Each structure stands twice: as C-alpha cells, then as structure tokens.
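K.L.:
What follows is a predicted protein model with its sequence.
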Amino acid sequence: MKLNGFRKKSPWILHYNTGSCNGCDVEILACLGPKYDLERFGILNRGNPKQSDILLVTGPVTKRTRDRLIRLYMEMPEPKVVVAIGACACSGGVFRGMYNVGNGVNNFIPVDVYVPGCAARPESIIDGVVKALEILEKKKKDMELPHRCKELKRESSRRKLLAECTRRYHEGR
Amino acid sequence: MGKKITIPFGSQHVALPEPIRFVFQTENEKIVDVDVDVGYVHRGIEKACMTKFKYMQVGYVVARVCGLCAISHTLAYVTAVERLMGIEVPKRALYLRILVSELDRIHSHLLAMGHLAEVAGYENLFMHTFRDRELVMELQELVTGNRIQFDYACIGGVNRDLTPEVEKELREKLKTLKEKVLWLKDVYENDYSIKYRWKGVGVITKEMAKELNVVGPPARASGLATDVRNEFDYLPFKEVGYRMVVRDEGDVYARNMVRAEETVNSIEMLFNVLDGMPEGDIKVNVKGLPEGESFVRIEAPRGELFYYVRGNKKMVLERLRIRVPTFANIPVMRELFVGMEYADVPAVVISFDPCLSCTAR
Ligand code: SF4
C-alpha cells in the first residue's frame, strides 16, 4: 500500500532514444529544466529501468536499438506506462519506410500515450506525461485485483485432476 | 599490476542522451583499452535521399539528421545545390541565414555547457544555463515559428521574412541574453571548484590535434586555428564582425571556455546583422535540374560539416555524401581515453559534445 502511495507522488522516468534526431530529446531536457519544470509533479529522471515507472521513447526504432528497447521495457517493474514522443516514435515520421527503421514504437512494445509534433513541444510533452500519470493510477488499481488467488485456485484444481488421473492409472483403468 | 576489468559505458546511460557504447578495459582505475560503437541510430538517410525524395525535398529531410544543428545541415545542402545550379541568392536571404545559424550556435553551445556542468555535478549551474537557453529558444520561435527543427532555408533563399515588430523584440531580448551570457561566462571562467575539476583533464596537444584532424571547438581549444567561417565563404561572416576564438591549453576547461567566448561573439554578430540588414527579396525562383557535382564545407556548432552532391539532370539526386564533425573527432577521443582515469570519462566525453545522430545518420 505504501509503495503505491509513493509511486503516485514520485514517478520516475526513463528516457531512451531509439534513433531520433535529438530534437525531441532536447525538448525533454528542456522540460526538466527550470522554465517548464516537469519536476514539480515529483518526476525525476533516472537512468535505471528497475526503478522507473514511465518510459519516454523518442525516434523511429532502428534495427539495433530494437532489442535494447524491448529489454528495457521488460526490465521495468509493473505497473508501467510508455509514452511515445514525436512524430517519429508515433509512426516513423520522416524516416518512415527507410531500410533500417521499424516505423514507430507500437510495432514492438505497447504504447499508452502518443505525443505528436516534430519536434514535440515541451507543453505537449508535459500534457502527455500528465496523461501517463492518470493511466499509471488506473493500472495500479487494476493490479490490486486478485489475479493471484484465482490462479492458485485453478492450479489446485488442476493438481486434484492430476492426482485423480494418476490414481486411476494405478488402478489400471 | 592489478586485475583487468571490463566496464561497459552505454548504450543506455544517465549521462548520455543518445545511444553510444564504449567498452573500457581498466586496470587499477586506469583505462588500458577502449572500444567505441556508434552505429545504434543509423537510419539510412543518405540512401533515402538518393531514392525516395526529390532534390527539392532533400533539404527538409537532411534537417532531420540532427535536431541540434538542423540549420547547418539544411544550409550545407542548400548551398551545395545553389552552387551547382548557379543560383544568385539575394543578400537579405544571406543575412537572415546568418541570423538563424548563429542563434542555432548559441543554443547548441549553451546546451553543451549546461550538460557539462551537470555531468560534473553542478546541478544548479545546469539549471541556470538552461534557464538562459530558453531565451534563445524563444528567439528562434519568434523568427522561424518553431523551437527546434525549423525548416528555414530553402533552395534559392529563406522561407520566412523578418517583420519590424519581430526585429524590435529580437533586439530587446538579445540585450537581456547578452547580460546573462556574460554572467554565465564569468561563472564558468572564475569559479574555484570548476577550475579544479576541469583544468588539466583530457589534454589534447597541438601536435595531436593536427595529426588526428580534430575539428571545431576542441581543435580551437588546443591552439589549432581552424574555422570554416574563416576559410570558406558560404555566408558573409566577415562583414558582420566575426572573430576567431583560439586558446592553447587543450583541456576540458579550455573547450568550455571556447564555447562561452564564441557565444558572446555570436551575439555581437547578431546585433551587427540586425543593424546592417539589407532590403529586398528573400527568395528567388528556381528553374532547372541539378547537373554535375559540388561540395560545401560549413561550420556547424561542433565543427566542420562536409556535403557532397552529385546530380544528373533528374529529379532525384545521384549521390549525397555527408561527413559530420563528430565523426572527425572520434579518433582523438579514443586516443585520449587510453591511460586516463576512469572517473574522468563522462566529463571528457561530454566536453566533445558528441552528436551520434549525425555520425550514424
Ligand atoms: S519527431 Fe522530428 S524532432 Fe523529433 S526525433 Fe523525429 S525528426 Fe527529430
């Protein structure tokens, strides 16, 4: 319970560049700077995927960053939100159809928020991240449902079935 | 003799906004070998420019090679095509191009300085630098309509004129900017702890710079007087009071100071541009198709940028070759790392202000 409270108050972001032109990355840096000040939402930019809640992705996914992107996504703990920033990350942008790119982040990992623009303006990036915070809240609620218990029950019944089968087998039927 | 330890730095790292990977072999905190991998962001722009896009559109595509020096790339391509087709560009357009390219240089240099401060642990200085950088971004938005990725130059001129109201506001804001930049320069120059952190770290000697062909601020910081603005007249820089900044220490501190002084010089140039702005058209009509070959050198914020264009009377170019400043600086980076303390690596990497999007294209 406590952890969820912290998560709401201080979400950490992880920023990965999958082949963008640096335009959108610089705008993210500007967001963390004093004029736009994303940190007032309690957001901190840290490089560690194991401690992050929000993944900001910029750029069309190139062949070599693809594996890293998927790995970073897998390493982040649940609940997590992915924000695609800029025309490139949304659909491939001007790089759409070039031989080394994969046209948009949603071809590889699920994306929750799309921020348009080339380069995406800091205002719209902030809007996107605030939207991501709402989604994070919702996902957290979903997490509290008792997935675990259901699965345990199913497992126990399967075990019963298995035992039944073995018993019958030994009985020679 | 210590044990050899392999330390990977990147491709995803806090100090790096872009994916680049160094693999360091260290021995007692000293680096004995290093392996550099820069190809993560390769998108295939050159190929696309030769197959997918028409020559009129390529200027807008090459701007997307790098968001920080977008105007330099467009300018280089546009100048190359203009020379190929023998187009006479109006003087007013040339002045407007200087205006935008110097604004771009200021914002890029301030970003580099702020980033260097952050990596060295001076969070407060980083914030100050970024607050002042926002002023430049506002100016860019006023002049061109977008903060980053403004498609300003086009073949035959520029896309947007400067109105008198914008000019007035530009002058006022430039005055504030100049005060702020002078203050920042003072801090970077005289702060006691910064001097201790950066002086004598990552020294490039003049001979090394000459031999390994260093370009841009790192070259000028180690006493090599090379600047394309001085050597190749793609824009009338000499008319607006350009002066070259050269220092001879060659360490991280000197590289930072070269950037700071260039920023001040750029602001002075901007005032001169506004004062001497000629009247007239901003664009001429372009007819015909490019035929033949030409090359152009341009001083991007990070150093010399080289473009080679070849056309054969078709809508699509036959060959486009881009050679970027960071590519020229990678050999010296590698040379520098061997024998250095591992703790200095982030500062030295960032002091080169590497741009991997340019390098891998
Ligand atoms: S959307 Fe535009 S500014 Fe952003 S990474 Fe793509 S090309 Fe660069």
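P.N.:
Done, it's in. Numbering: from 1, shown residues only, chains lettered A, B, ... in the order given.
K.L.:
From here on, just use CA atoms for contacts and neighbour counts.
P.N.:
OK.
K.L.:
Next to chain A, which bits of the stretch 1-150 of chain B? Give me the list.
P.N.:
Taking C-alpha under 8 Å from any C-alpha of the partner chain as the contact definition, the stretch 1-150 of chain B meets chain A at B:12-14, B:17-19, B:39-45, B:48, B:61, B:64-68, B:127-128, B:130-131, B:134, B:147-149.
K.L.:
which ones among those residues come in contact with the ligand?
P.N.:
B:Arg64, B:Gly67 (C-alpha under 6 Å from any ligand atom).
K.L.:
Which elements pack onto the helix or strand B:Leu111 falls within?
P.N.:
According to DSSP states H and E, B:Leu111 maps onto helix B:91-119. The contact analysis (3 or more C-alpha pairs under 8 Å, 6 or more residues apart in numbering or on different chains; DSSP states H and E) places helix B:91-119 against helix B:70-85, helix B:123-144, strand B:157-158, helix B:252-275, helix B:345-351.
K.L.:
mind running it again at 7 Å?
P.N.:
helix B:123-144, helix B:252-275, helix B:345-351 (3 or more C-alpha pairs under 7 Å, 6 or more residues apart in numbering or on different chains; DSSP states H and E).
K.L.:
now these in TSV, with distance to A:Cys90?
P.N.:
TSV is the format used below for these (distance: least, C-alpha to C-alpha, whole Å):
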stretch	distance to A:Cys90
helix B:123-144	24
helix B:252-275	35
helix B:345-351	29
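K.L.:
Adding mean neighbour count and mean pLDDT, write these out as a markdown table.
P.N.:
Output for the helices and strands packed on helix B:91-119, formatted as a markdown table (neighbours: other C-alpha atoms under 10 Å in any protein chain shown; pLDDT from 0 to 100):
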| stretch | mean neighbour count | mean pLDDT |
| --- | --- | --- |
| helix B:123-144 | 19 | 86 |
| helix B:252-275 | 21 | 86 |
| helix B:345-351 | 20 | 79 |
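K.L.:
Quick one: low-confidence residue ranges for chain A.
P.N.:
Along chain A, segments meeting pLDDT under 70 span A:1-8, A:141-158, A:161, A:165, A:172-173.
K.L.:
In it, what residue spans correspond to strands?
P.N.:
Counting by DSSP state E, chain A has these strands, from start to end: A:12-17, A:44-45, A:54-58, A:81-85, A:113-115.
K.L.:
how many neighbours does A:Lys35 have?
P.N.:
The tally of other residues near A:Lys35 (other C-alpha atoms under 10 Å in any protein chain shown) stands at 15.
K.L.:
make that B:Arg302, sorry
P.N.:
25.
K.L.:
Equivalent analysis for B:Glu207, please.
P.N.:
Here the number of neighbours of B:Glu207 (other C-alpha under 10 Å) works out to 12.
K.L.:
Please identify the helix or strand for it.
P.N.:
Per DSSP H and E: helix B:206-211 holds B:Glu207.
K.L.:
I'd like to check which residues are in contact with the spatially closest residue to B:Val286 that is not a sequence neighbour.
P.N.:
Closest residue to B:Val286 apart from its sequence neighbours, by C-alpha to C-alpha, 6 or more residues apart in numbering or on different chains: B:Gly156 at 6.4 Å. B:Gly156 makes contact with B:Glu82, B:Ile87, B:Val89, B:Lys283, B:Val284, B:Asn285, B:Val286, according to C-alpha atoms under 7 Å, 6 or more residues apart in numbering or on different chains.
K.L.:
again, 6 Å this time
P.N.:
When contacts are counted by C-alpha atoms under 6 Å, 6 or more residues apart in numbering or on different chains, B:Gly156 touches B:Val89, B:Lys283, B:Val284.
K.L.:
Hmm, the second one is touching B:Ile155, no?
P.N.:
Okay, so that is B:Lys283. No - look at B:Lys283 against B:Ile155 with C-alpha atoms under 6 Å: they stay out of range, at 8.4 Å.
K.L.:
Alright, that wraps it up for me.
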